[in-house]
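Asker: pasting the structure only:
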């Protein structure tokens with residue numbers, strides 16, 4: 001299919017994405033060529049596979065069938081590599097490199113073809129590193145029917161300065177408050193001075209009070225003017241960045257049409273809220289999730305024409321993509337009038353992975369990695385990729401996604417921030433620390449009433465609205481020291497049908513903040529989205545609420561230690577961390593047979609959560625795990641004031657000497673290689689360290 005019908009802006013966005021993904025592709029190919037563990041290679045292959053899959057969908061959305069075909073071939077080979085059906089030999093490595101070169105050539109040709117129709121086509125994709133590529137995205141500003149092209153970097157800088165201006169407004173508000181407090185203190189002193197010998201001091205106090213009142217009045221006027229100017233500047237900059245939602249959806253009708261044609265179906269796509277403004281950065285990042293969801297809806301949701309007629313439906317299915325602005329967020333929904341999710345098939349798929357969910361929670365399982373409801377593998381679906389990518393991308397923007405399904409259709413609802421640079425947050429305190437929670441994820445805040453507290457399977461819960469909500473101390477999730485007294489405030493976070501209550505020590509403020517990104521070393525922290533600078537110069541970490549909900553719900557099913565009686569000395573407690581259920585079961589049975597009390601966790605993040613609420617005598621951990629690996633867990637423990645002396649044993653398949661050296665350098669007390677693993681070696685190491 002020709003791309004001539006695709007808008008020039010959409011093609012430029014695609015070329016930019018192609019360039020970025022091919023740079024990542026080259027870096028991953030180089031990583032595959034170098035030495036790495038089996039787990040490391042598997043991670044790179046999975047990343048390559050997802051990149052090819054996403055690029056295939058993006059190419060389809062603009063009708064670039066040649067690029068789509070190459071991506072399909074790449075996806076086929078990478079799927080076999082990922083599943084272990086074939087091995088990565090020299091011939092396949094060369095094929096992957098040639099495919100990348102072919103995609104670059106196709107990108108250059110596409111850029112040349114579209115250049116006459118575009119006012120400023122971007123340079124063709126090159127092999128330069130991503131960091132060396134100048135940012136060419138720009139925004140058009142209409143002034144008196146003239147168009148001024150403003151680089152996006154300039155707008156981002158202005159937006160950052162606008163955020164700092166808002167912070168200055170908050171600081172000035174605090175100063176006004178301080179001056180008012182000083183004036184009240186002087187009034188109290190003046191009232192307390194009665195005898196005649198203090199007459200002169202009373203007059204001085206009266207003059208000082210009058211001066212403070214004039215300063216306070218002037219500062220209040222300045223504050224009002226600053227607030228108005230900051231708000232107008234902020235609104236103006238945001239309006240420059242806005243794009244009509246309908247324009248952001250350009251090409252998606254082609255995606256729906258092509259999938260319908262490939263599957264023998266008929267479908268039409270309706271756009272609601274086409275005039276709603278959406279931040280351009282969010283619009284660009286939202287494109288891949290929308291492509292995935294539309295392809296999924298046509299392939300899995302909409303029935304064939306004959307089947308629809310048998311069910312009393314029109315032969316043509318309907319997809320509706322709509323944007324709805326809310327007070328502090330943007331809601332984007334994708335609905336189909338198909339047959340709904342196959343719940344039995346979905347339940348079977350997750351049972352194969354050892355997961356049980358309630359009927360209410362079951363639809364959300366479509367976002368789990370590797371879960372697909374397709375009956376067979378085709379070039380469109382069945383490989384278990386797509387919806388987990390959708391959730392990851394939406395949550396990376398501090399948004400949420402949920403699904404509702406019935407026999408009359410399925411709806412995906414994406415709740416997105418208005419911008420990914422500034423947020424409305426609730427600042428809360430835990431001990432001496434301040435954290436921020438995105439306000440769009442907060443259902444409500446309440447004071448903990450002892451009458452609503454209960455215990456279910458050893459876990460604290462709140463009895464609210466005729467339901468049970470898990471209550472988890474936020475301190476336990478983030479690994480900080482709580483205040484001496486029990487938390488009095490509960491912040492209810494809700495994601496679809498799931499809700500958790502986070503216990504915090506206090507509420508500080510609700511305010512608009514500019515989100516500062518973290519350095520590369522801290523960006524991998526699973527719970528942290530960024531940081532904000534307070535009015536006093538202090539730094540508050542802004543937490544990723546979706547990850548908090550995940551961790552809190554995991555704690556609900558975490559294994560509890562057996563109670564210990566006073567009649568016998570307490571058994572040594574070991575925390576066993578490994579993402580392989582087979583390895584966990586084996587090592588757990590060894591340790592329990594030797595008389596140890598064992599807690600288990602499926603990865604480093606879950607282990608860090610348990611360490612915040614349980615006391616253990618030693619940690620035995622794998623290295624290669626999702627979310628937080630063993631090395632990161634060791635570093636976190638050694639950096640903790642309360643846990644730094646905890647003995648740690650690394651048990652891993654990594655037998656490279658450099659990995660062993662790194663593990664010991666960052667603080668592990670012992671390093672055991674699984675290939676030569678003997679249970680006596682593990683028990684001896686634990687015995688020496690406890």
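Answerer: Great, that's in hand. Quantities reported herein were computed from a predicted structural model and do not represent experimental measurements.

Asker: quick check, residue 257 in contact with residue 267.
Answerer: Yes. Contact criterion CB atoms under 8 Å: residue 257 and residue 267 qualify, at 7.4 Å. Placement of C-beta: from N, CA and C, glycine included.

Asker: now do the contacts for residue 605.
Answerer: If you count contacts by CB atoms under 8 Å, 6 or more residues apart in numbering, residue 605 has them with 526, 551, 627, 628.

Asker: what number of residues lie near the last one?
Answerer: When neighbours are counted by other CB atoms under 10 Å, residue 628 registers 21.

Asker: what do you get for the first one?
Answerer: Summarising burial for residue 526: neighbours were counted as other CB under 10 Å, giving 17.

Asker: worst-scoring helix or strand of the protein, pLDDT-wise?
Answerer: strand 138-143 (a mean of 40; mean pLDDT, DSSP states H and E).

Asker: all strands for the stretch 201-350 of the chain, in order.
Answerer: Assigned by DSSP state E, counting those that start in this stretch, the strands in the stretch 201-350 of the chain fall at 242-244, 267-272, 277-279, 317-325, 329-336.

Asker: compare those strands and give me the one nearest residue 504.
Answerer: With CB to CB as the criterion, residue 504 lies closest to strand 329-336 of the strands of the stretch 201-350 of the chain, at 22.3 Å.

Asker: so what strands line up beside that closest one?
Answerer: strand 317-325 (antiparallel), strand 409-417 (antiparallel) (DSSP bridges).

Asker: which one's more surrounded, residue 257 and residue 267?
Answerer: residue 267 (24 against 18).

Asker: which residues sit in contact with the more buried one?
Answerer: Residue 267 sits next to 256, 257, 260, 298, 302, 316, 317, 318, 319 when contact means CB under 8 Å, 6+ apart.

Asker: can you redo the residues you listed as a markdown table with pLDDT and distance to residue 94?
Answerer: Listed next are those as a markdown table, based on pLDDT from 0 to 100; distance: CB to CB, whole Å:
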| residue | pLDDT | distance to residue 94 |
| --- | --- | --- |
| 256 | 89 | 36 |
| 257 | 87 | 36 |
| 260 | 90 | 37 |
| 298 | 92 | 36 |
| 302 | 93 | 40 |
| 316 | 94 | 46 |
| 317 | 94 | 43 |
| 318 | 94 | 46 |
| 319 | 95 | 41 |
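
Asker: on contacts alone, who are the packing partners of the helix or strand encompassing residue 48?
Answerer: If you go by DSSP states H and E, residue 48 is part of helix 38-62. Applying 3 or more CB pairs under 8 Å, 6 or more residues apart in numbering; DSSP states H and E, one finds that helix 38-62 contacts helix 8-33, helix 65-83, helix 252-263, helix 280-296, helix 387-396.

Asker: in stretch 98-118, which residues are buried?
Answerer: The neighbour-count check on stretch 98-118 (16 or more other CB atoms under 10 Å) flags 99, 100, 103, 104, 106, 107, 110, 111, 114 as buried.

Asker: again with stretch 508-520
Answerer: Those would be 508, 511, 512, 513, 514, 515, 518, for stretch 508-520 by 16+ other CB under 10 Å.

Asker: where does the stretch 151-300 of the chain have low pLDDT?
Answerer: Counting by pLDDT under 70, the ranges of the stretch 151-300 of the chain that qualify are 151-178, 180-183, 185-202, 204, 222-223, 225, 229-231, 234-238.

Asker: and the pLDDT at residue 330?
Answerer: We have a pLDDT of 90 for residue 330.

Asker: now, the buried residues of stretch 98-118 that are in helices?
Answerer: Within the buried residues of stretch 98-118, residues falling in helices by DSSP state H are 99, 100, 103, 104, 106, 107, 110, 111, 114.

Asker: circling back: and the furthest pair within the contacts of residue 267?
Answerer: Pairwise over these, using CB to CB, the maximum falls at 257 and 318, 13.4 Å.

Asker: ranking the strands paired with strand 329-336 by burial, who's on top?
Answerer: strand 409-417 (a mean of 22; mean count of other CB atoms under 10 Å).

Asker: other residues contacting that strand?
Answerer: 282, 286, 289, 293, 297, 301, 328-341, 390, 394, 397-405, 423, 438, 440.

Asker: and what of stretch 36-48?
Answerer: 24-25, 28-29, 31-32, 74, 78, 81-82, 88, 96, 624, 653-654, 656, 659.

Asker: for ChimeraX, what selects the buried ones among those?
Answerer: Remark: buried members of those, expressed as a ChimeraX selection using 16+ other CB under 10 Å:
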select :25,28,31,32,74,78,81,82,88,96,624,653,654,659
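
Asker: any chance of the contacts of residue 267 in JSON lines, plus distance to residue 637?
Answerer: Shown next, in JSON lines, are those (distance: CB to CB, whole Å):
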{"residue": "256", "distance to residue 637": "50"}
{"residue": "257", "distance to residue 637": "54"}
{"residue": "260", "distance to residue 637": "53"}
{"residue": "298", "distance to residue 637": "48"}
{"residue": "302", "distance to residue 637": "51"}
{"residue": "316", "distance to residue 637": "59"}
{"residue": "317", "distance to residue 637": "53"}
{"residue": "318", "distance to residue 637": "54"}
{"residue": "319", "distance to residue 637": "49"}
